[in-house]
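Student: A structural model of the following input is requested.
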Amino acid sequence: MEQKDVYSAMGLVNPLTTDMVSAIRSWCELYRGIAPWLARNPVSLGLPSSIASEMATTVTVEASVEVVGSQRADAINEVIGRFMEKADTNVEYACAMGGIIFKPYVDSRQKIAIDVVQADAFYPVEFDSNGNITACMFVVYKVVESQVFHKVEYHQLRDGEYKIINRVFAGYATGDYGREVGLEAVPEWSSIDPEVTISGLTEPLFSYMSIPIGNKVDPRSPIGVSVYSTSIGIIEQADRQYINALCGSMRRPKQQLMPMRICLLLISQEDRFFRKERNACIE
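Tutor: Model (predicted):
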């Protein structure tokens, strides 16, 4: 398991429960069209991505941000403007996976850019009393010949002191943190400082956006949940009914399939609409 491996490699303790880790992985896979009930027949309505997209569109369709009043404000407004161009996509990822992190950095052109980190690429370590993430790991990987190098960037804010630690681990598959190597093992990482300490900060150098709905997987966890987290059973039944309909249409060409808009309507209703029937296509 990748979550366990990265925490163990860094000598840290995972604050999330096993159920929460599994749920995040499940939401990410569902968004990408991967589900246990699709193993035998990959045909799907694609409801998770459709639900997340519809929610994101509703949230961002009229959203706008403008910073004015000074030369510094103009510079910030330029950065925010570029960021808002992809706001709908980023909100869609957050809706699907429960949350997302925005991490500013200075790019190769010496301009401020914002790195968008999806839920399966950041790993919380510590929270404050209000549930805000104060320590977190960010993982990127690069394949060089037959090896996979993972760079772990660890941020920690504690008592006004901010530490950033960069470490690299080499393995033979994604999620394999086999052995630690130097940053110079990957040329493009060789100029990165192994450790940096900044004093006087009161907030982390990243921002976490979570979906503002209750966490029914782990009510004590401050981590956000997917917008379809409570509807996975209904999504499964909708996929099964869709496959049934396709199989039926092959035998009865005149049979009409359920329109997508009807499926989206039913997904919000009681699962009595999706009574399990005897099926020769899937079980």
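
Student: All the helices of the chain, in order from the start?
Tutor: All helices of the chain, identified by DSSP state H, fall at 2-10, 18-31, 47-60, 71-84, 87-97, 232-251, 260-266.

Student: For my notes, please list those in a markdown table and give mean pLDDT, mean neighbour count and distance to Y162 for each entry.
Tutor: All C-beta atoms are positioned from the backbone trio N, CA, C, and that covers glycine. A markdown table is the format used below for the helices of the chain (pLDDT from 0 to 100; neighbours: other Cβ atoms under 10 Å; distance: least, Cβ to Cβ, whole Å):
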| stretch | mean pLDDT | mean neighbour count | distance to Y162 |
| --- | --- | --- | --- |
| helix 2-10 | 75 | 17 | 17 |
| helix 18-31 | 96 | 19 | 26 |
| helix 47-60 | 94 | 18 | 31 |
| helix 71-84 | 91 | 13 | 21 |
| helix 87-97 | 96 | 21 | 25 |
| helix 232-251 | 82 | 17 | 38 |
| helix 260-266 | 55 | 14 | 44 |
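
Student: I'd like those helices laid out as JSON lines, including distance to I213.
Tutor: Below are these laid out as JSON lines (distance: least, Cβ to Cβ, whole Å):
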{"stretch": "helix 2-10", "distance to I213": "23"}
{"stretch": "helix 18-31", "distance to I213": "13"}
{"stretch": "helix 47-60", "distance to I213": "11"}
{"stretch": "helix 71-84", "distance to I213": "24"}
{"stretch": "helix 87-97", "distance to I213": "10"}
{"stretch": "helix 232-251", "distance to I213": "14"}
{"stretch": "helix 260-266", "distance to I213": "18"}
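
Student: Select, out of those helices, the one closest to I165.
Tutor: helix 2-10 (8.3 Å; Cβ to Cβ).

Student: Where does pLDDT dip in the stretch 151-283 of the chain?
Tutor: 248-283 (pLDDT under 70).

Student: what about the closest residue to G98 other than its chain neighbours, distance to E184?
Tutor: Distance criterion Cβ to Cβ, 6 or more residues apart in numbering; nearest residue to G98, sequence neighbours excluded, is G224 at 4.1 Å. Counting by Cβ to Cβ, to the nearest Å, the separation of G224 from E184 is 37 Å.
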